[in-house]
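**Q** need coordinates for the following:
(2 chains)
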2 protein chains.
Amino acid sequence: MVNVVITGGAGFLGSRLARELLAAGSLDAAGGGASPLSRVTLIDQAPVPPDLAADDRVTAVHGELGELLDPEGAGPDTLAGADVIFHLAAAVSGECEADFDLGLRANLRATEALLASGRALGTSPVVVFSSSLAVFGGSEDLPLPDVVDDRTRPNPQTSYGAQKHIGEQLLADYTRKGFLRGRALRLVSVSVRPGRPNAAASGFMSGVIREPLAGQRAICPVTPDTEVALASPAKAIAGLLCAATASDQAWGGRSAVNLPALTISLADMAAALARVAGPEVSALIDWVPDPEVARMVSGWPARVRADRAGRLGLTPDPDFDAIIRMHLAESGS
Amino acid sequence: MVNVVITGGAGFLGSRLARELLAAGSLDAAGGGASPLSRVTLIDQAPVPPDLAADDRVTAVHGELGELLDPEGAGPDTLAGADVIFHLAAAVSGECEADFDLGLRANLRATEALLASGRALGTSPVVVFSSSLAVFGGSEDLPLPDVVDDRTRPNPQTSYGAQKHIGEQLLADYTRKGFLRGRALRLVSVSVRPGRPNAAASGFMSGVIREPLAGQRAICPVTPDTEVALASPAKAIAGLLCAATASDQAWGGRSAVNLPALTISLADMAAALARVAGPEVSALIDWVPDPEVARMVSGWPARVRADRAGRLGLTPDPDFDAIIRMHLAESGS
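**A** Take a look at the predicted model:
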């Protein structure tokens, strides 16, 4: 029996991951052989979606992760019995730039508490950490290469990226010590993310598609020639599942793995939207550059090599038209 | 007037740094112009040496750094008025491998508390962080290059190295936000360190010289052909002072700067000892490899390029004979 914990389990990726796990009914944790899913614990500050709450294998734990895992409180008991922990909870990039303390608390302290609690289990659980391409960046002393790969030196230029990179380092050291079996996967911007906009600086990469498809105008805060690296929700979930199920040998080391990404300009995303849904839909995009968003986005790599993920069988989305069609099918439009 | 705080101020490097600052009587903080030294606060768990305690510009603060700086305790008041903070306090590599929690507490949490307290001053003080060459390392997924430079990707293979690398990342982000003016300097193994052995895995690089010169046998836990990168105490102090006094522009970025190092094998160190002090002295070295120490040491880079430090005028020691003679002169032998 496999006991799974998902932090950020009520969020978009967390709840989608939970649905896929529950539908499969079993999980092959770190290549040890598939085993039935006994329990899925979803930890989040937000309420768990009703369909998940209704599944009797699901336990919802409501609260702030750092507080829930405080060793002077319930602490490690929150994770009791966990075999596989997906650590997806995080404050997003825009929030962390606006509120430095929030980022320290939600990304740094909560991750420290999660790793300490996972270690306290004494069973060396698999911990899949959702890191981010935001660990990369360019500065005068360390320019960003045109293409980043799994061996490129991280150089975060946002607090969010710095906190994710620190999480990678902590996870690697806990893994080296044998306290956990850590797998850090660097997610790229997910598009098309359904639902409402969030405070991620990358949020427009979904908004400029999602809102026009719903008949609403959307602002694109970067210029049309801006290239971005992105992946569909399905590819992001496939990456997280691969990280949980690969054997240690197949995973191939303690450093983080880049998720394969599709590189595309915002102009080409808009053109794909016009092809799939019509030019009257793509005309709903208002191109209004925002210097602060543009600064963050231009600091992230747009071209990603994902050799380790490729060896694990992960692939980027083939093109953006397919991503839009997938979004339409999934959102029931 | 310049107010200086030194964490680890009772330690070997900290007290030597304090003596040099007090003798100079002034400091040019970050290139803003030399100004008289008003106060030197030495924070340490160990008592401050009597000569420093007797100087009326010195304030000794006794206690554990993380506790002293706890925001729920005296917190930032401990640093009140600080213009320049040298953060040297740390648990050393051997201790952190043996006691994971000690490393988290003494290196990670204390550094987090120091940065938060420095930010709380609201004056953006200069913070010189003693990082370490131990941030580098080789693993199957990320081999160590033959020569590391300022742009080489860190890949710590010890908890000490991981914690130092995390400190670099935090310092860089606090600096990017304008909360501090951070300068991370990667110290190399210091030899010849006077006094008693400590728990650093690199301790033998001093012990195999210091103990024989004092007529005592010393164990060398690595093979004679093992190459190491090291610097004399004087070069380490020069690096720390340079980090505090360089202008932002001269320092050249938020990423860490490698201290220039002399690369030498243990066999050549023993040969230098024989030349300077006689073969009967170098014969006091017992070559007894210790696999655990050898593992840590072999994981550290032996060849270092220090381009940014070179542009700042820092140089490696010319040869090991000079280092031994300097030690003899300073120890009054």
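
**Q** show me the contacts for the closest residue to chain B within the stretch 51-200 of chain A.
**A** Using Cβ to the nearest Cβ, the closest approach of the stretch 51-200 of chain A to chain B is made by A:Asp141 at 2.7 Å. For every residue, glycine as well, the C-beta is placed using N, CA and C. Neighbouring residues of A:Asp141 by Cβ atoms under 8 Å, 6 or more residues apart in numbering or on different chains: B:Asp150, B:Gly252, B:Gly253, B:Arg254, B:Ser255, B:Arg308.

**Q** restrict the residues you listed to those near chain A?
**A** When Cβ under 8 Å from any Cβ of the partner chain is applied, the members of the contacts of A:Asp141 adjacent to chain A are B:Asp150, B:Gly252, B:Gly253, B:Arg254, B:Ser255, B:Arg308.

**Q** what's the nearest residue to whichever residue of the stretch 151-300 of chain A sits closest to chain B if we skip its chain neighbours?
**A** Nearest to chain B in the stretch 151-300 of chain A, going by Cβ to the nearest Cβ, is A:Gly253, at a distance of 2.7 Å. Spatial nearest neighbour of A:Gly253, excluding adjacent residues (Cβ to Cβ, 6 or more residues apart in numbering or on different chains): B:Asp141 at 2.7 Å.

**Q** and that neighbour, helix, strand or coil?
**A** Under the three-state scheme (DSSP: H, G, I helix; E, B strand; the rest coil), B:Asp141 adopts coil.

**Q** let me know the pLDDT of it.
**A** Per-residue confidence (pLDDT) for B:Asp141: 91.

**Q** quick check: domain ranges of chain A?
**A** A:2-188+A:232-258, A:204-228+A:262-303+A:315-330 (automatic domain parsing).

**Q** want to try a markdown table for the contacts of A:Asp141, with neighbour count as columns?
**A** As requested, the contacts of A:Asp141 are exported to a markdown table (neighbours: other Cβ atoms under 10 Å in any protein chain shown):
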| residue | neighbour count |
| --- | --- |
| B:Asp150 | 20 |
| B:Gly252 | 19 |
| B:Gly253 | 18 |
| B:Arg254 | 24 |
| B:Ser255 | 20 |
| B:Arg308 | 22 |
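
**Q** of those residues, which belong to strands?
**A** Secondary structure defined by DSSP state E assigns none of those to strands.

**Q** and the residues you listed, which of them are in helices?
**A** Per DSSP state H, helices hold the following members of the contacts of A:Asp141: B:Arg308.

**Q** going by distance to A:Glu67, which of the contacts of A:Asp141 wins?
**A** Among the contacts of A:Asp141, B:Arg254 lies closest to A:Glu67 (Cβ to Cβ), at 31.6 Å.

**Q** let me see the contact set for the closest one.
**A** A:Ser139, A:Asp141, B:Leu171, B:Ala172, B:Thr175, B:Arg176, B:Gly182.

**Q** report the separation between it and A:Glu168.
**A** B:Arg254 is 19 Å from A:Glu168, where distance means Cβ to Cβ, to the nearest Å.

**Q** can you name the residues bridging to the closest residue to A:Gly207 other than its chain neighbours?
**A** Leaving aside its sequence neighbours, A:Gly207 sits nearest to A:Ala218 (Cβ to Cβ, 6+ apart; 4.8 Å). Judged by DSSP bridges, the bridge partners of A:Ala218 are A:Ile285.

**Q** so which strand or helix has the residue lying closest to A:Glu20 once chain neighbours are set aside?
**A** Spatially, and ignoring its direct neighbours in sequence, A:Glu20 is nearest to A:Ile237 (6.0 Å; Cβ to Cβ, 6+ apart). Per DSSP states H and E, A:Ile237 falls inside helix A:233-245.

**Q** ok, the contacts of A:Asp141 vs chain A, which is closest?
**A** B:Gly253 (2.7 Å).

**Q** doesn't A:Glu140 make contact with the closest one?
**A** Yes: using Cβ atoms under 8 Å, B:Gly253 is in contact with A:Glu140, at 5.6 Å.

**Q** quick check: residues of the stretch 51-200 of chain A near chain B?
**A** A:100, A:108, A:112, A:139-142, A:150-157, A:159, A:162, A:165-166, A:169-170, A:172-173, A:176-177, A:179.

**Q** what about the strand or helix carrying A:Ala23, average pLDDT?
**A** Applying DSSP H and E as the criterion places A:Ala23 in helix A:12-24. What helix A:12-24 shows for mean pLDDT is 97.

**Q** and that helix, what's buried?
**A** A:Phe12, A:Leu13, A:Gly14, A:Ser15, A:Arg16, A:Leu17, A:Ala18, A:Arg19, A:Leu21, A:Leu22 (16 or more other Cβ atoms under 10 Å in any protein chain shown).
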